[in-house]
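**Q** Sequence and predicted structure, then a few things I'm wondering about:
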Amino acid sequence: MAALVGRRSLLQVFRGHAADRDGVCRLGPVCFGARACGQSRKAPGMSAFALNRAAVRHYSSDPKDDLRVRYLDGEDAGIVVVGLNRPNAKNAISKNLVKMMYDTVEDIKKNNKVRSVILCSVVPGIFCAGADLKERAKMHQSEVGPLRYTASSQSNWSFLAKELIFAAKVVDGVEACRLGLVNHSVEQNKSGDAAYVRALELAREINPQGPIAVRMAKLAINQGIEVDLSTGLAIEEACYSQVIPTKDRLEGLAAFREKRRPHYKGE
């Protein structure tokens, strides 16, 4: 069983902060809508590992290989696949991996052609073993603090987190989905990349959508989720007002009128 993780689940990792977790995490790839989101195309029968054969067939102890970044092309242009590649450490999150993730995200943020990001593992059978405890044991206390991520949470999430943390529970994909920790849970396939394939499908649904509209939707959700209803509605209205004068909005209206697929340019 593989699971597809929601954006907030691994947000701390993509912000360059390693979660202080000791249990092995076997949850599968996470798909982030980066700047856009349309019509679904069936994912091809290819392995996630086949998409990055060099990463699978040639492991290296070079820290530069801890993260493999692949910009897809052709019809999948705009999708970036970020692969964890620490086979000897079960993809445990080290200081170097955190730095590489942070640098990668900064590069992606500067690339206006990126529409969605898939975070996955190129190591068969494992996603991420949590914090690199061997490295952590050698750290000075002053080094540990910056690697931790402090997240605000509502009471219901706090109780859930306490149960899992205090009991040191490791949950599988089905249970994680039931608890709302992941968005999807899918049966594993023969090539061991079912979660990646599902993530790729989601990325392909995201890609054709209007980049500006999706960016504003993300902004409205992120800023509105922690405020009262009236403030949230005001934020939504402010975000929508930025979409009105865009060429993409006119293109969407024209496509609807002409009964064709819209071609958004982020303008």
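**A** Right, received. Where do you want to start?

**Q** Report the beta-bridge partners for the nearest residue to residue 203 once chain neighbours are set aside.
**A** Leaving aside its chain neighbours, residue 203 sits nearest to residue 116 (4.1 Å; criterion: C-beta to C-beta, 6 or more residues apart in numbering). C-betas here are computed from N, CA, C, even on glycine. Listed by DSSP bridges, the beta-bridge partners for residue 116 are residue 33, residue 79.

**Q** buried sites along stretch 228-235?
**A** Neighbour counts using 16 or more other C-beta atoms under 10 Å place 232, 235 of stretch 228-235 among the buried residues.

**Q** the helices in the stretch 151-267 of the chain, which residues?
**A** Here the stretch 151-267 of the chain has its helices, by DSSP state H, counting those that start in this stretch, at 155-166, 173-179, 194-206, 211-224, 229-241, 247-258.

**Q** Need the winner for burial among those helices.
**A** helix 194-206 (a mean of 24; mean count of other C-beta atoms under 10 Å).

**Q** Averaged pLDDT, that one. What do you get?
**A** Computed over helix 194-206, the mean pLDDT rounds to 90.

**Q** next one: it to chain centre, how far?
**A** 11 Å (C-alpha atoms, centre = their mean, to the nearest Å).

**Q** got it, and stretch 178-185?
**A** 14 Å.

**Q** Keeping just the C-alphas, turn that stretch into PDB.
**A** Taking C-alpha atoms only, stretch 178-185 is exported to PDB below (Å, rounded to 0.1, in the frame of the first residue of the first chain):
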ATOM      1  CA  ARG A 178      -8.300   7.500   7.500                       C
ATOM      2  CA  LEU A 179      -6.800   9.900   9.900                       C
ATOM      3  CA  GLY A 180      -6.600  12.600   7.200                       C
ATOM      4  CA  LEU A 181      -2.800  12.700   7.200                       C
ATOM      5  CA  VAL A 182      -2.700  11.900   3.500                       C
ATOM      6  CA  ASN A 183      -4.900  12.800   0.600                       C
ATOM      7  CA  HIS A 184      -4.900   9.400  -1.200                       C
ATOM      8  CA  SER A 185      -4.100   5.800  -0.500                       C
END
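
**Q** Could you measure from residue 163 over to residue 180?
**A** 13 Å (C-beta to C-beta, to the nearest Å).

**Q** got it, and residue 116?
**A** Here residue 116 is placed at a distance of 22 Å from residue 180 (C-beta to C-beta).

**Q** Run through the residues that contact the nearest residue to residue 251 once chain neighbours are set aside.
**A** Nearest-residue entry for residue 251: residue 262, 5.3 Å, with adjacent residues in sequence omitted and distances by C-beta to C-beta, 6+ apart. Contacts for residue 262 (C-beta atoms under 8 Å, 6 or more residues apart in numbering) come out as 208, 210, 248, 251-252, 254-256.

**Q** ranges for the strands of the protein?
**A** 2-5, 30-33, 67-71, 79-84, 116-121, 182-186 (DSSP state E).

**Q** Which elements pack onto the fifth one?
**A** The one in question is strand 116-121. When contacts are defined as 3 or more C-beta pairs under 8 Å, 6 or more residues apart in numbering; DSSP states H and E, strand 116-121 sits against strand 30-33, strand 79-84, helix 194-206.

**Q** Strand 116-121 and the longest one, what's the angle between them?
**A** This means helix 194-206. 170 degrees (axes from the mean of the first three to the mean of the last three C-alpha atoms, to 10 degrees).

**Q** Could you name the helices and strands sitting against helix 194-206?
**A** strand 2-5, strand 30-33, strand 79-84, strand 116-121, strand 182-186.

**Q** Between its first and last residues, how far does stretch 87-103 reach?
**A** End-to-end distance of stretch 87-103 (C-alpha to C-alpha, to the nearest Å): 21 Å.

**Q** the helices in the stretch 1-150 of the chain, which residues?
**A** Using DSSP H, counting those that start in this stretch, the helices of the stretch 1-150 of the chain run over residues 11-14, 53-57, 95-109, 133-138, 141-144.

**Q** what is the mean pLDDT for the first one?
**A** I take that to be helix 11-14. On average, helix 11-14 scores 38.
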